[in-house]
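A.B. asks: Below are the sequence and a predicted model for it; my questions follow.
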Amino acid sequence: MKFCPRCKSLMRIEKKEEKIFYICPSCGYVEEITNPRITMKIQKKERVTVIEKDHTVEAIVKVKCPKCNNDTAYTWIVQTRSGDEASTVFYKCTKCGYTWRVYP
Ligand SMILES: [Zn+2]
Ligand SMILES: [Zn+2]
C-alpha cells in the first residue's frame with residue numbers, strides 16, 4: 001500500500017516491461033518500485049499462478065472478503081484493451097477463494 005506524494009490517492013501496482021511501478025489513478029504520478037523484496041515476492045507469486053496469465057501483478061493485500069469476512073486477499077490487475085484504458089482490479093479471498101472485482 002502506498003499513497004501518491006502529489007494528491008494522496010491510493011496508488012496501484014502495475015508491471016510494464018519487466019519493471020514494477022506504483023501508478024496514481026488520479027493524477028497519473030508514476031514511481032518505479034526498486035525495493036528488491038517486493039519484486040521478489042511478486043515474481044514468486046506469479047510462478048504459482050501460471051494459469052492466470054493475463055495478471056499484471058499479484059500480491060496479497062488487506063481487504064475484507066464479502067463472503068466470509070476474511071481480511072486478506074490476493075489482488076491483481078487486468079488491463080482492458082489498450083494500456084491507456086482503465087484496468088480492472090481483482091481480489092481473491094485467501095480463505096474461501098471467492099473472487100470479486102473493483103472498477104477504479
Ligand atoms: Zn496522485
Ligand atoms: Zn472469503
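C.D. replies: That came through, no problem. Ligands and ions are numbered 1, 2, ... in the order given.
A.B. asks: any idea how far the nearest residue to residue 64 once chain neighbours are set aside lies from residue 10?
C.D. replies: The shortest distance from residue 64 to any non-neighbouring residue, by C-beta to C-beta, 6 or more residues apart in numbering, is to residue 71 (5.5 Å). No exception for glycine: its C-beta is placed from N, CA and C like everyone else's. Residue 71 sits at a distance of 17 Å from residue 10 (criterion: C-beta to C-beta, to the nearest Å).
A.B. asks: that older thread, who are the contact partners of the residue nearest to residue 64?
C.D. replies: 62-65 (C-beta atoms under 8 Å, 6 or more residues apart in numbering).
A.B. asks: In the residues you listed, which residue is surrounded by the most others?
C.D. replies: The residue in these with the most neighbours, by other C-beta atoms under 10 Å, is residue 65 (20 neighbours).
A.B. asks: now that residue, what's its secondary structure?
C.D. replies: coil (DSSP: H, G, I helix; E, B strand; the rest coil).
A.B. asks: my read: it touches residue 98, true?
C.D. replies: Yes. At 5.8 Å, residue 65 and residue 98 qualify as touching, with contact defined as C-beta atoms under 8 Å.
A.B. asks: Quick one: classify residue 27 as helix, strand or coil.
C.D. replies: coil.
A.B. asks: Find the nearest non-adjacent residue to it, please.
C.D. replies: residue 7 (4.7 Å).
A.B. asks: How about residue 73?
C.D. replies: residue 91 (4.3 Å).
A.B. asks: ditto for residue 102
C.D. replies: The shortest distance from residue 102 to any non-neighbouring residue, by C-beta to C-beta, 6+ apart, is to residue 89 (4.6 Å).
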